[in-house]
Each structure stands twice: as structure tokens, then as C-alpha cells.
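1. sequence first, predicted model second:
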Amino acid sequence: MRNYILSLATAVSLGLAAPAMAYDSGTLFSMEDALGVATDIGLATVSHTEFSGNEWQIEGRDVSGRYMEVDVDATTGAVLNVDR
């Protein structure tokens, strides 16, 4: 009986982890990669990052302290929009 419970617990654990592994194995840009793109075009500090649809929306300030929002395409890494 103990072996059965241990096997069942292992199977349930693997079943719960499988969706997370499948999502993480996609070809989307990670948040770190998107932050790298945003800092390359002038974002100095980050105050908020959100994944929305197929893009990363990154808010923060440039080196002058002005508000800046950068939208980065999650599939290509291209800059879609910059608001200042």
C-alpha cells in the first residue's frame, strides 16, 4: 500500500509540473530578454513589467528621470512602441 501511495504521489506531482514545463519551453522572449531590449534603447530603471497578449510592457525611467514605457514583441524581440 505504501508503494502505491508513493507512486500515486509521484505521478500527480509530475502531472502538475508538466503544464509548467510545456509553457516554459516555448520560443517566447523571457522577461529578462525583453528587459535587455528595453535597456538597450534607454530605459535605466524599471518600475513595472507586464506580459500582455504577445508583448512585454515595461515601464520605468530613462537616465534623465523621465517616464518611459517600452513594448517589446514576445516572439521576435522587436520594439513595438516607446512612450515618453
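-> Nice, I can see it.
2. okay, buried residues for stretch 73-81 please.
-> 73-74, 79 (16 or more other C-beta atoms under 10 Å). Where C-beta positions appear, they are placed from N, C-alpha and C, glycine not excepted.
3. what about those residues, which are in helices?
-> Among those, no member is found in helices (DSSP state H).
4. where does pLDDT dip in the protein?
-> 1-26 (pLDDT under 70).
5. do a quick rundown of the strands in it.
-> Secondary structure of the chain (DSSP state E): strands located at 43-52, 55-62, 67-73, 79-83.
6. now distance to Asp33 too, for the ones you listed, in JSON lines please.
-> Output for these, formatted as JSON lines (distance: least, C-beta to C-beta, whole Å):
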{"stretch": "strand 43-52", "distance to Asp33": "12"}
{"stretch": "strand 55-62", "distance to Asp33": "9"}
{"stretch": "strand 67-73", "distance to Asp33": "8"}
{"stretch": "strand 79-83", "distance to Asp33": "13"}
